[in-house]
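Engineer: next comes the sequence, and after it the predicted model I'd like to discuss.
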Amino acid sequence: MKPLPMPGVYADERGGLHIVLPELLHGAGYDDTPENRATLLDAAREIFGPITICDDGYTCPRCGRTSFNQNDKHERYCGACHRFEGDA
Ligand SMILES: [Zn+2]
């Protein structure tokens, strides 16, 4: 999936949009509360139309950092360690 020029918003290969809520909230400077989630989702749906919500990420087994980047999740890559999970 390609990141769009907005944190937490990714386009998949089929033209679908995936919203990673924790990343979107963080990027917009909002606290992760149910109210803020609802507000941002409403705004995103108004801008983008139908969207898919991704609410999970990839937690690195080495450092414990969680990335909500769906590319990292897919490739099991940690941006803090700069390593893939299978790397020595
Ligand atoms: Zn790591």
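Structural biologist: Structure received. Residues are numbered from 1 along each chain as shown.

Engineer: so how far is Asp12 from Pro34?
Structural biologist: Distance, Pro34 to Asp12, by CB to CB, to the nearest Å: 26 Å. Placement of C-beta: from N, CA and C, glycine included.

Engineer: which one's more surrounded, the two?
Structural biologist: Asp12 (12 against 7; other CB atoms under 10 Å).

Engineer: state the pLDDT value of the more buried one.
Structural biologist: We have a pLDDT of 75 for Asp12.

Engineer: ranges for the strands of this protein?
Structural biologist: Ranges of strands within the chain are 2-3, 9-11, 17-20, 52-54, 58-59, 66-67, 77-78, 83-84, based on DSSP state E.

Engineer: of all those strands, which lies closest to Tyr30?
Structural biologist: Ranking the strands of the chain by proximity to Tyr30 (CB to CB) places strand 17-20 first, at 13.3 Å.

Engineer: state the mean pLDDT of that closest one.
Structural biologist: Taken as a whole, strand 17-20 has an average pLDDT of 82.

Engineer: how about that strand: buried residues?
Structural biologist: For strand 17-20, burial by neighbour count (16 or more other CB atoms under 10 Å) applies to 17-20.

Engineer: from the ion, how far off is Met6?
Structural biologist: Taking CB to the ion, to the nearest Å as the measure, Met6 falls 25 Å from the ion.

Engineer: nearest spatial neighbour of that residue, skipping sequence neighbours?
Structural biologist: Gly27 (7.1 Å; CB to CB, 6 or more residues apart in numbering).

Engineer: residue contacts, that neighbour?
Structural biologist: Gly27 makes contact with 6-8, according to CB atoms under 8 Å, 6 or more residues apart in numbering.

Engineer: what's the pLDDT at Pro5?
Structural biologist: 65.

Engineer: count of residues packed around the residue nearest to Gly86 when sequence neighbours are not counted?
Structural biologist: With sequence-adjacent residues excluded and distances taken as CB to CB, 6+ apart, Gly86 is closest to Arg76, at 7.4 Å. When counting by other CB under 10 Å, one arrives at 15 neighbours for Arg76.

Engineer: from Asp55, how far off is the residue most central in space within the chain?
Structural biologist: Nearest to the geometric centre of the chain sits Val20, at 3.3 Å (CA atoms, centre = their mean). Remark: distance between Val20 and Asp55 (CB to CB) = 8 Å.

Engineer: no further queries at this time; thank you.
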